[in-house]
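S.K.: With the sequence up front, the predicted model follows.
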Amino acid sequence: MRGGVGARLAASPVMVGAVTVLVAILAVFLAYNANQGLPFVPTYRISAQVPDANTLLPGNEVRIGGVRVGVVQDAEPVQQDDGTVIAQLDLSLDADVEPLPVDSTILVRARSALGLKYLEIGLGESSEGFEPGAVMPLSAAKVTPVDIDEVLNTFDAPTQGAIQENLVEFGNALAGRGPTLNTVIGRLRPLLPRLERVMADLANPRTRLARFVRALSATAAEVAPVAAEQAQMFEALDTTFAALASVSRPFIQETISETPPTLDVATDTLPRIRPFLTHSEALFADLRPGIASLRANAPTIASALEVGAPVLADSPAFNRQLAPTAAALRRLNDDAAARGGIDRLVETNDILGPALRFITPSQTVCNYPTLALRNIQSLLAQGSGSGGTWLRFLVHQPPDGPNDEGGASSAPASGGGSNPEPNFLHYNPYPNAAAPGQEFECEAGNEPYLRGQQVIGNVPGNQGTVTADQG
């Protein structure tokens with residue numbers, strides 16, 4: 001029955017083709033990763049200095065005792081302080097090699113007569129080892145042995161003639177051995193029918209082997225330029241998976257196990273918090289103008305914070321005074337005489353309030369009371385020596401005309417008089433002083449002189465709030 005199943009499988013071109021394709025894919029994958037090591041396998045990376053890389057290439061093997069333990073990842077020239085140039089090899093070794101003893105040696109050796117090389121490491125006996133990323137010094141490199149190509153160069157013309165003679169004699173040695181060779185060939189005959197069936201299946205157009213080979217060629221051509229990047233990717237994946245392995249349990253395991261109930265809670269909760277999110281969106285939209293204004297006012301806010309910090313530092317001492325101050329205010333409040341005085345102050349304030357509302361702006365805005373005191377002081381300071389001030393005799397000054405403004409007059413000035421210019425009265429007994437209900441201006445002393453007309457009262461327009469002696 002086994003022979004029957006095997007015969008049926010061997011007789012099926014599709015099955016044979018599929019198996020062949022899978023074997024070919026596996027072979028290509030292993031061949032592609034052979035030089036860089038298998039993926040997801042931890043490695044031990046160090047560097048080594050040698051006098052000459054001696055045609056070593058990335059991907060060449062690294063051996064210890066003839067056993068492959070890693071590959072050469074890269075080789076690059078390094079110039080020493082004395083100007084000589086040596087080669088530095090980046091090695092990717094199996095993790096089992098770590099740590100490599102510090103007294104180990106290295107040697108570049110030939111692998112075949114075609115020029116293929118490999119790096120031989122001689123293990124030392126030191127208890128100390130190279131840390132990952134360390135560099136083996138140049139002193140660890142042994143003298144390079146004689147390579148096979150140098151040996152072949154020793155075959156000069158006489159040597160070649162001697163070798164030809166040897167080959168002739170070897171041929172003579174095989175002479176008469178035909179039956180034995182026939183026996184060997186005959187025993188290979190059972191293999192040929194099976195090989196013939198396999199080759200027939202591969203040659204069958206339905207297997208599309210030619211298309212598969214062309215696709216492999218195109219894939220290899222696309223992958224070749226980024227082979228180094230892919231190797232670095234596998235190396236990085238190795239580091240990533242190693243890091244994930246350290247936290248796989250219990251952290252990643254608990255995260256995976258807790259994710260389904262978390263999603264259930266989110267499914268149930270998110271619709272409920274949707275109104276909150278909507279209101280939050282409106283709130284942040286309303287906050288945008290304030291946030292924008294903070295940008296312009298940030299220096300002022302920063303200055304306020306700088307000033308406020310010392311104030312806050314002094315606040316405890318101030319706060320300690322609040323309790324006795326409040327107690328004193330309480331005693332004042334409980335005193336009948338004090339309460340009567342406060343009531344009188346309230347009544348006085350109520351009486352003076354309307355007047356102060358009109359009088360206060362004349363000083364706080366227009367500086368008029370200060371100017372009045374200054375003018376009175378200047379007026380009284382002027383005079384005629386021991387004869388007294390002229391202010392005392394102002395009422396006895398004779399008039400200059402029928403409607404003179406300088407002294408006694410029979411009528412308000414309205415043109416005429418002895419002056420070359422007609423005399424017109426300009427008089428404003430109640431100028432605007434920024435009081436409630438008035439134009440916000442300091443009119444007294446700022447009125448313009450309107451020629452050719454008599455002006456009594458407020459003048460047209462706003463005269464501003466700038467007066468003399470204002471800071």
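M.R.: Done, it's in. Numbering: from 1, shown residues only.

S.K.: Return the distance of stretch 110-126 from the chain's centre.
M.R.: 47 Å (Cα atoms, centre = their mean, to the nearest Å).

S.K.: quick one: contacts of that stretch?
M.R.: Contacts to stretch 110-126, defined as Cβ atoms under 8 Å, 6 or more residues apart in numbering, come from residues 48, 54-57, 60-65, 69, 72, 89, 91, 100-109, 142, 147-149, 152. (Glycine included, C-beta is placed from N, CA and C.)

S.K.: Check Glu347 and give its pLDDT.
M.R.: We note a pLDDT of 91 for Glu347 in this prediction.

S.K.: Is it correct that it falls within a strand?
M.R.: No: assigned with DSSP: H, G, I helix; E, B strand; the rest coil, Glu347 falls outside any strand and is helix.

S.K.: From the contacts of stretch 110-126, list just the buried residues.
M.R.: 48, 54, 56, 60-64, 69, 72, 89, 91, 100-102, 104-108, 147 (16 or more other Cβ atoms under 10 Å).

S.K.: Please narrow those to those residing in strands.
M.R.: 48, 61-64, 69, 72, 89, 91, 105-108 (DSSP state E).

S.K.: Burial check on Leu371, number of neighbours?
M.R.: The number of residues packed near Leu371 is 19, by other Cβ atoms under 10 Å.

S.K.: who's in contact with it?
M.R.: Contacts of Leu371 (Cβ under 8 Å, 6+ apart): Gly445, Thr467, Ala468, Asp469.

S.K.: among those residues, which two are most distant?
M.R.: Across the contacts of Leu371, the longest distance by Cβ to Cβ is 11.1 Å; it joins Gly445 and Asp469.

S.K.: ok, the two, which is more surrounded?
M.R.: Ranked by neighbour count (other Cβ under 10 Å), Gly445 and Asp469 place Gly445 first, with 13 against 8.

S.K.: which element is that one on?
M.R.: Gly445 is part of no helix or strand when elements are defined by DSSP states H and E.

S.K.: Excluding chain neighbours, what is closest to it?
M.R.: Leaving aside its chain neighbours, Gly445 sits nearest to Thr467 (6.4 Å; criterion: Cβ to Cβ, 6 or more residues apart in numbering).

S.K.: Does the one you found touch Pro369 like I think?
M.R.: No: counting by Cβ atoms under 8 Å, Thr467 does not reach Pro369; the two are 11.4 Å apart.

S.K.: More neighbours: these two, which one.
M.R.: For Thr467 versus Pro369, neighbours defined as other Cβ under 10 Å are more numerous around Thr467 (19 against 13).

S.K.: Quick check: that one vs Asn375, distance?
M.R.: 12 Å (Cβ to Cβ, to the nearest Å).

S.K.: One more: Leu57?
M.R.: Leu57 is 106 Å from Asn375, by Cβ to Cβ.

S.K.: Please apply the same query to Pro448.
M.R.: From Pro448 across to Asn375, the span is 21 Å (Cβ to Cβ).

S.K.: Can you tell me what sits against stretch 295-306?
M.R.: Taking Cβ under 8 Å, 6+ apart as the rule, stretch 295-306 contacts Leu294.

S.K.: Actually, stretch 83-99.
M.R.: So stretch 83-99 is contacted by 36-37, 41-53, 56, 62, 64, 69-80, 100, 119, 128-132, 135, 138, 235 (Cβ under 8 Å, 6+ apart).

S.K.: And it, how far out from the chain middle?
M.R.: Computed by Cα atoms, centre = their mean, the separation of stretch 83-99 from the middle of its chain amounts to 36 Å.

S.K.: Now tabulate the ones in strands among the buried ones among the contacts of stretch 110-126 in JSON lines and tack on distance to Ser315 and pLDDT.
M.R.: Listed next are those as JSON lines, based on distance: Cβ to Cβ, whole Å; pLDDT from 0 to 100:
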{"residue": "Ala48", "distance to Ser315": "69", "pLDDT": "84"}
{"residue": "Glu61", "distance to Ser315": "77", "pLDDT": "85"}
{"residue": "Val62", "distance to Ser315": "73", "pLDDT": "85"}
{"residue": "Arg63", "distance to Ser315": "78", "pLDDT": "86"}
{"residue": "Ile64", "distance to Ser315": "76", "pLDDT": "85"}
{"residue": "Val69", "distance to Ser315": "73", "pLDDT": "83"}
{"residue": "Val72", "distance to Ser315": "72", "pLDDT": "85"}
{"residue": "Leu89", "distance to Ser315": "70", "pLDDT": "84"}
{"residue": "Leu91", "distance to Ser315": "68", "pLDDT": "83"}
{"residue": "Thr105", "distance to Ser315": "76", "pLDDT": "86"}
{"residue": "Ile106", "distance to Ser315": "74", "pLDDT": "82"}
{"residue": "Leu107", "distance to Ser315": "80", "pLDDT": "82"}
{"residue": "Val108", "distance to Ser315": "79", "pLDDT": "81"}
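
S.K.: just the strands in the stretch 1-150 of the chain please.
M.R.: 43-50, 61-64, 67-79, 85-94, 105-110, 117-122, 135-136 (DSSP state E, counting those that start in this stretch).

S.K.: How about residues contacting the last one?
M.R.: Outside strand 135-136, the residues that touch it by Cβ under 8 Å, 6+ apart are Ile46, Ser47, Ala48, Gln49, Gln88, Leu100, Ser104, Ile106, Phe130.

S.K.: what number of residues lie near the second one?
M.R.: In other words, Ser47. 17.

S.K.: Look at the nearest residue to it once chain neighbours are set aside and report its pLDDT.
M.R.: Distances taken as Cβ to Cβ, 6+ apart place Val135 nearest to Ser47, at 4.4 Å, with adjacent residues excluded. Note for Val135: predicted pLDDT of 86.

S.K.: Val135 and Ala53: what is the separation?
M.R.: For Val135 relative to Ala53 (Cβ to Cβ), the value is 15 Å.

S.K.: Just want to know which of those two has more residues nearby.
M.R.: More crowded of Val135 and Ala53, by other Cβ under 10 Å: Ala53, with 19 against 15.

S.K.: The more buried one touches Val78, doesn't it?
M.R.: No: counting by Cβ under 8 Å, Ala53 stays clear of Val78, with 10.7 Å between them.
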